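# have a look; sequence and predicted model below, questions after that.
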Amino acid sequence: AQSVAQPEDQVNVAEGNPLTVKCTYSVSGNPYLFWYVQYPNRGLQFLLKYITGDNLVKGSYGFEAEFNKSQTSFHLKKPSALVSDSALYFCAANPRGATNKLIFGTGTLLAVQP
Amino acid sequence: GAVVSQHPSWVICKSGTSVKIECRSLDFQATTMFWYRQFPKQSLMLMATSNEGSKATYEQGVEKDKFLINHASLTLSTLTVTSAHPEDSSFYICSAGRARVPYNEQFFGPGTRLTVL
């Protein structure tokens, strides 16, 4: 079965420090990859996506993600965390040719301490 | 652009009643709409995919007679939870797909919190 894994339920980081939220995928072909953020009792907000091209993708709010085909990973990064970045982050994959269907990871709660 | 709304944002109902949730794409025509369910501290579970004017495609394990989906136009889809029970209490999120090359982008609504007493 195709899947997306986020191995960490929670990531804790101090404000101002760099952050990484990990994501690996087991999806056939070359999937499109996404990161979304969810604040409490809200829907998902799009952060960034990888379709093709440069392995380093820049997105909203200073976030970026690095696509690594050999490791089938798409880790989310930010050079300097803010307290307001504290939220639930989801990685997702769309198998090419599967119309819009998204396969979501289980989510990682990011907690940024002041 | 690409705003998706949901109504209501929260609803409390008695067991046995039916609840309708609307999902609208406000500034674009959605080729496809999706309905997800999210339990506390868990990921989104795709319930069904709907295309305008045709029957929804339900994921395995989702009762289509329980969760009725109507996609009447390119900007509106509704999810009706029929004869709701406490176990149906959840956060329901819709998304709308907009045709783009190479990937049909998907935009998410703010979600609806359903509590069944």
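Nice, thanks for sending it over.
# where does the residue nearest the centre of chain B fall, secondary structure wise?
Nearest residue to the geometric centre of chain B (Cα atoms, centre = their mean): B:W35, 3.3 Å. Here B:W35, judged by DSSP states H and E, is contained in strand B:32-38.
# wait, does stretch B:57-75 make contact with chain A?
No - Stretch B:57-75 is not in contact with chain A by Cβ under 8 Å from any Cβ of the partner chain; minimum separation 9.6 Å. In this view, the C-beta of every residue, glycine as well, is placed from N, C-alpha and C.
# correct me if wrong: A:L109 contacts A:V11.
Yes - assessed by Cβ atoms under 8 Å, A:L109 is found in contact with A:V11 at 7.3 Å.
# quick check: which ranges of the chain have low pLDDT?
With no chain named, the answer covers chain A. Filtered on pLDDT under 70, chain A yields the residue ranges A:97-100.
# nope, chain B please
B:1, B:99-104.
# ok, A:A14 - contacts?
By Cβ atoms under 8 Å, 6 or more residues apart in numbering or on different chains, the contact set of A:A14 is A:81, A:112-113.
# pretty sure B:F34 contacts B:F107?
No - judged on Cβ under 8 Å, B:F34 makes no contact with B:F107 at a distance of 10.2 Å.
# joint contacts of those two?
In contact with both B:F34 and B:F107: B:95-97, using Cβ under 8 Å, 6+ apart.
# most surrounded residue in those residues?
Greatest neighbour count in these, by other Cβ atoms under 10 Å in any protein chain shown, goes to B:A96: 29 neighbours.
# okay, and the nearest residue to that one once chain neighbours are set aside sits in which element?
Excluding the flanking residues, the one nearest B:A96 by Cβ to Cβ, 6 or more residues apart in numbering or on different chains is B:A30, at 3.6 Å. Secondary structure assignment for B:A30, by DSSP H and E: no helix or strand.
# before we move on, what about the one 10 residues further on?
In this structure, B:P40 is located outside every helix and strand according to DSSP H and E.
# what sits against A:T108?
So A:T108 contacts A:6, A:8-11, A:21-22, A:88-90 (Cβ under 8 Å, 6+ apart).
# still on that earlier bit, which residues are in contact with the strand holding B:W35?
Strand B:32-38 has contacts (Cβ under 8 Å, 6+ apart) with A:99-100, B:23, B:25, B:44-51, B:67, B:69, B:71, B:77, B:79, B:90-97, B:104, B:106, B:111.
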